[in-house]
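[1] here's my sequence, what's the structure:
(one chain, ligands or ions: 1)
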Amino acid sequence: MTAHVSVKDDGFVLTALLSKQRAAFLSDGPPSPAMRRADLLKLKQALLKHRTVFEAAVSRDFGYRSAYETRIMEIAPVIQTINYLRRNLTKWMRPERRRVALHFRPGRNRVVYQPLGVIGIISPWNYPISLALTPLATAIAAGNRAILKPSELTPQTSELLKSVLRELFPAEQVAVVTGGPEIGAAFSRLPFDHLLFTGSTNVGRSVMKEAAENLVPVTLELGGKSPVLIGPDADIEAAATSVAFGKLANAGQTCIAPDYVLVPEKDAAAFVASYDAVARKFYPQGNGDLNYTSIVNAKHHDRMLKLIDDAKRKGAKVIEVAAASGEAAHKLAPVLVLNVTDDMAIMQQEIFGPALPVMTYRAFDDAISYINRKPRPLALYYFGHNSEDRQKVLTRTTSGNVTINDTLMHYVQNDIPFGGIGMSGMGAYHGHEGFKSLSHAKGVFEQSKWNLGWLLHPPFNRMTDLVIRYLQRW
Ligand code: NAD
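    Numbers count the residues shown, from 1 in each chain. The predicted structure is shown next:
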């Protein structure tokens, strides 16, 4: 059996792999709740067993990342998701009864949730464990088979995923293929039953184009600029603490990291001072390196330096808020960027690193308008307690998710959907929505032996007319 392959050709091996999974899916039928729960348990146990190896692999791939950070940001959320899926999947698999109009009774309606078949999963490098395994666990919970293509930028973690998953599952159930953009492109051209892509907006666009050839439905988990809106009544120190945590975890290489801050003019100095103090406390000089993650590679490090330089050249004030010396070659000190303008690249692209532009506003409505002039973000963070402001944020802006009075935390809530909108993505997973998006909701009408269908059969007559008039009132 060809399996868990590193593919160098134009997709021939991929096609064979997909055919094998599909054939096995058709011959075995949908797995029972007990089988799905057992598979998820296996996955969880393997992750726990190999936890330290995963932590070390990620750290090597990044140049450095604390084992604690990998545990908090990746391993614990995946375990939590698996527990949640195992607890709920039997309930979600039950057919749902639906209403039947009087004239169709005693016929019955129901919706049955059927696995889609074979799911393709493409994952990025920034959280290489959780963004591969959370979609995979969701696919398994919904009774599917899956082929995963992790990122080439975290090669050690990707190889580890391949070997761990090979130990757990036969290739006709779960397989891993590794490779870069060419393999990603060949992968997107396969006639999967669904494709779940996590990555950048640009690549997402080309994945959707390729998938459209085969009418493969896609879930696109993309990126963008997630704003933080600090309300006039916010507790500035608490807000700065949450923003520093959300921004500097993984050195800002988080899809839902706060991208920039909108703060009332009167609070700007206090915010800058608090953020600076918190960043220094989180990553103290000397041993800060034990906690602070490296930028993943030279290319991204260089990209960040260019963003900061461009802002400086166009008049921004850049303040280094904590040190980032140390062994890892690509560490980059966190910075605040003040006096930014829209012509700076840092305000046009997703930052995806430890630089935080701080913008000020006078009227709350101006801040809302600023957000609405930009593409719809993946996440939005609001700090404040005024119920009118809060309501305005929730009803007048559109973003994938919102966390109020904190950052990142919506991601680890098991029972709410996670996903973007517009340029930040389409479709969602996590929660019941994840199970549904990787299942086919099949509407079934079951006719009863005794029914009124004959009233509509030809030959048509005056009786037909009366029936049609009755039906039109419904
Ligand atoms: P990327 O789009 O460069 O790569 C993602 C994956 O796509 C990788 O596996 C890559 O090999 C593959 N790929 C590259 N070119 C391809 C192509 N032409 N066709 C098909 N696949 C291709 O993204 P990245 O740099 O790995 O990740 C960073 C981006 O991902 C950021 O924009 C970030 O916001 C976003 N992201 C989003 C989420 C989310 O849940 N919404 C989570 C993490 C990261």
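[2] tell me the pLDDT at residue 407?
    We have a pLDDT of 98 for residue 407.
[3] ok, it - how many residues close by?
    25 (other Cβ atoms under 10 Å). In this view, the C-beta of every residue, glycine as well, is placed from N, C-alpha and C.
[4] enumerate every residue touching it.
    Contact partners of residue 407, counting by Cβ atoms under 8 Å, 6 or more residues apart in numbering, are 228, 242-243, 245-247, 256-258, 381.
[5] tell me which parts of the stretch 51-200 of the chain are close to the ligand?
    122-126, 131, 149, 151-152, 180-181, 184-185, 188, 198-200 (Cβ under 6 Å from any ligand atom).
[6] domain ranges for the chain?
    Split into domains by automatic domain parsing, the chain comes to 12-222+425-441, 227-419.
[7] columns distance to residue 460 on top of the ones you listed, output as CSV?
    Output for those, formatted as CSV (distance: least, Cβ to Cβ, whole Å):
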stretch, distance to residue 460
domain 12-222+425-441, 17
domain 227-419, 48
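[8] nearest to residue 449, of those domains?
    domain 12-222+425-441 (8.9 Å; Cβ to Cβ).
[9] tell me how far that closest one lies from the chain's centre.
    Taking Cα atoms, centre = their mean, to the nearest Å, the mean C-alpha location of domain 12-222+425-441 is offset from the chain mean by 12 Å.
[10] so what's residue 397 closest to, chain neighbours aside?
    residue 371 (5.3 Å; Cβ to Cβ, 6 or more residues apart in numbering).
[11] over to residue 332?
    residue 295 (5.2 Å).
[12] and the one you found, helix, strand or coil?
    Following DSSP: H, G, I helix; E, B strand; the rest coil, we place residue 295 in the coil state.
[13] kindly report the same for residue 350.
    Per three-state DSSP, residue 350 ends up coil.
[14] need the pLDDT of the nearest residue to it once chain neighbours are set aside.
    Nearest non-adjacent residue to residue 350, counting by Cβ to Cβ, 6+ apart: residue 223, 4.8 Å away. The score at residue 223 is 95. That number is its pLDDT.
[15] contacting residues around residue 223?
    Residue 223 touches 199-201, 255, 350, 352, 378, 424, counting by Cβ under 8 Å, 6+ apart.
[16] only the buried subset of the residues you listed, as a PyMOL command please.
    Burial among the contacts of residue 223 is assessed by 16 or more other Cβ atoms under 10 Å; the matching PyMOL selection reads:
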select buried, resi 199+201+255+350+352+378+424
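[17] in this structure residue 375 contacts residue 420, no?
    No. With contact defined as Cβ atoms under 8 Å, residue 375 does not reach residue 420; the gap is 9.8 Å.
[18] who touches both of those two?
    With Cβ under 8 Å, 6+ apart, residue 375 and residue 420 have common neighbours residue 224.
[19] those two: who's more crowded?
    residue 420 (29 against 13).
[20] surely that one touches residue 222?
    Yes. The criterion here is Cβ under 8 Å, and residue 420 meets it with residue 222 at 5.4 Å.
[21] name the nearest residue to the residue of the stretch 251-400 of the chain found nearest the ligand, sequence neighbours excluded.
    Residue of the stretch 251-400 of the chain nearest the ligand, by Cβ to the nearest ligand atom: residue 255 (3.2 Å). Of all residues not flanking residue 255 in the chain, residue 223 sits nearest, at 5.1 Å (Cβ to Cβ, 6+ apart).
[22] and the one you found, helix, strand or coil?
    coil.
[23] CA atoms of the helix or strand bottoming out on mean pLDDT in the chain as PDB?
    In the chain, no helix or strand scores lower on mean pLDDT, DSSP states H and E than helix 462-472, which sits at a mean of 92. Provided in PDB are the C-alpha atoms of helix 462-472 (Å, rounded to 0.1, in the frame of the first residue of the first chain):
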ATOM      1  CA  ARG A 462     -62.200  20.400 -10.100                       C
ATOM      2  CA  MET A 463     -60.900  18.500  -7.100                       C
ATOM      3  CA  THR A 464     -57.300  19.300  -8.200                       C
ATOM      4  CA  ASP A 465     -58.200  23.000  -8.300                       C
ATOM      5  CA  LEU A 466     -59.500  22.900  -4.700                       C
ATOM      6  CA  VAL A 467     -56.400  21.200  -3.500                       C
ATOM      7  CA  ILE A 468     -54.100  23.700  -5.200                       C
ATOM      8  CA  ARG A 469     -56.100  26.600  -3.700                       C
ATOM      9  CA  TYR A 470     -55.700  25.000  -0.300                       C
ATOM     10  CA  LEU A 471     -52.000  24.400  -0.700                       C
ATOM     11  CA  GLN A 472     -51.400  28.000  -1.800                       C
END
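[24] now it, how far from the centre of its chain.
    On the basis of Cα atoms, centre = their mean, helix 462-472 sits 51 Å off its chain's mean C-alpha point.
[25] strands of the stretch 251-400 of the chain, residue ranges please.
    258-264, 317-320, 335-338, 355-361, 379-383 (DSSP state E, counting those that start in this stretch).
[26] now do the buried residues in the helix or strand containing residue 77.
    Element membership of residue 77, judged by DSSP states H and E, is helix 76-93. Neighbour counts over helix 76-93 (16+ other Cβ under 10 Å) mark 77-79, 81-82, 84-86, 88-89, 92-93 as buried.
[27] what are the contacting residues of that helix?
    With Cβ under 8 Å, 6+ apart as the criterion, helix 76-93 contacts 33, 36-37, 40-41, 43-44, 47-48, 113, 129-130, 133-134, 137-138, 140-143, 411-412, 414-415, 430, 432, 435-436.
[28] now that helix: average pLDDT?
    Mean predicted confidence for helix 76-93 is 98.
[29] before we move on, what about stretch 63-71?
    Mean predicted confidence for stretch 63-71 is 96.
[30] what sits up against it?
    51-52, 54-56, 58-59, 129, 249-250, 289-297, 326-331.
[31] that stretch: end-to-end distance?
    17 Å (Cα to Cα, to the nearest Å).
[32] and residue 346, what does it touch?
    So residue 346 contacts 307-308, 310-311, 316, 337, 340, 355, 357 (Cβ under 8 Å, 6+ apart).
[33] out of the residues you listed, which end up buried?
    If we count by 16+ other Cβ under 10 Å, the contacts of residue 346 have these buried: 307-308, 311, 316, 337, 340, 355, 357.
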